[in-house]
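Student: what shape does this take:
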Amino acid sequence: MTRSPRGPRRGYSAYRSARDPPGHRVAPPSERSAPETLPFTTVPPSYPMSSSDRIRQPVDNESNDIYSDTISADFFKGQYSDSHCKKCCCPAPPPKIRDLMNDADLLYKLRVKLDPNHYTVKNWKNFASRWGMTYDELVLLEHQTQGSTQSPTQEFLLRYNEKSVTELTELCRHYQRIDVLLILQRWVEKDWPSRWQKAH
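Tutor: Presented below is the predicted three-dimensional model:
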């Protein structure tokens, strides 16, 4: 039995023709384009980035040059060295009479207290005799300074200027010259440390 020829198949092509506008060409599967790729490549957060790809902060080269050229490490060593701190914090040594004589105000006060002659008040002659000056030396010194601008107390202190001020205060206690003792103690406690710091 002979089959009659079939007409055109109204399958997928007929369905597409009904949906697509006239003149639209349906590309076969082989000609269809692949999915579009992203315009840039994404990098996972854990992917290591090179140092050249990272964003860098601007560097002020001028400020670095100023500090590196003008301030050296020796500058800070000189300013904050241990020897410098120890020198500033070191207490003043016990003063000698020669240090005392550099203070004109103090020397004037001692002259006023020890120069005058009183029978009941111990003065420079008692101090000098205690430290070894003979009677003839005392008389000669008194004669040389009498009626002049020279002070016997100043000459006596100049002769024993290598002795300490502490020894001089002991003489004040021995002869009960508390007024002179207080003057010396005040100078040692308040004036002498600052004078020594300025000199050193």
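
Student: low pLDDT regions in the chain?
Tutor: 1-89 (pLDDT under 70).

Student: and the helices in it?
Tutor: Shown for the chain, the helices assigned by DSSP state H span residues 12-19, 61-70, 73-79, 82-89, 97-100, 104-114, 124-130, 135-145, 152-159, 165-174, 178-186, 192-199.

Student: residues in contact with the shortest one?
Tutor: Okay, so that is helix 97-100. The contact list for helix 97-100 (CB atoms under 8 Å, 6 or more residues apart in numbering) reads 106-107, 157, 160-165, 168, 184, 187, 192, 195-196. Every C-beta, even on glycine, is put in place using the N, C-alpha and C of the backbone.

Student: and it, what's buried?
Tutor: Ile97, Asp99, Leu100 (16 or more other CB atoms under 10 Å).

Student: rebuild these as a markdown table, extending it with distance to His200.
Tutor: Below are those laid out as a markdown table (distance: CB to CB, whole Å):
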| residue | distance to His200 |
| --- | --- |
| Ile97 | 19 |
| Asp99 | 12 |
| Leu100 | 17 |
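
Student: show me what contacts Glu142?
Tutor: Glu142 makes contact with Lys125, Pro152 under the criterion CB under 8 Å, 6+ apart.

Student: now with 6 Å?
Tutor: With contacts defined as CB atoms under 6 Å, 6 or more residues apart in numbering, the neighbours of Glu142 are Pro152.

Student: any idea how far Leu140 lies from Trp124?
Tutor: Per CB to CB, to the nearest Å, Leu140 is found 14 Å from Trp124.

Student: who's more crowded, the two?
Tutor: Comparing Leu140 with Trp124 by neighbour count (other CB atoms under 10 Å), the higher total belongs to Trp124, at 26 against 12.

Student: count of neighbours near Ile183?
Tutor: Residues near Ile183, counting by other CB under 10 Å, number 18.

Student: give me the number of residues near Glu162?
Tutor: For Glu162, the neighbour count with other CB under 10 Å is 8.

Student: hmm, I typed the wrong one, I wanted Leu182.
Tutor: Per other CB under 10 Å, the neighbour tally for Leu182 reads 12.

Student: then the one 4 residues further on?
Tutor: By other CB under 10 Å, the residues close to Arg186 number 12.

Student: could you do Arg130 as well?
Tutor: Neighbours around Arg130, by other CB under 10 Å: 13.

Student: gap between the closest residue to it other than its chain neighbours and Leu181?
Tutor: Leaving aside its sequence neighbours, Arg130 sits nearest to Leu171 (CB to CB, 6 or more residues apart in numbering; 5.9 Å). Counting by CB to CB, the gap from Leu171 to Leu181 is 9 Å.

Student: need the phi and psi values for Pro91.
Tutor: Backbone torsions of Pro91, given as degrees, to the nearest 10, read phi -70, psi 160.

Student: quick check: Pro152 touching Thr145?
Tutor: Yes - between Pro152 and Thr145 there is a contact under CB atoms under 6 Å: 4.6 Å.
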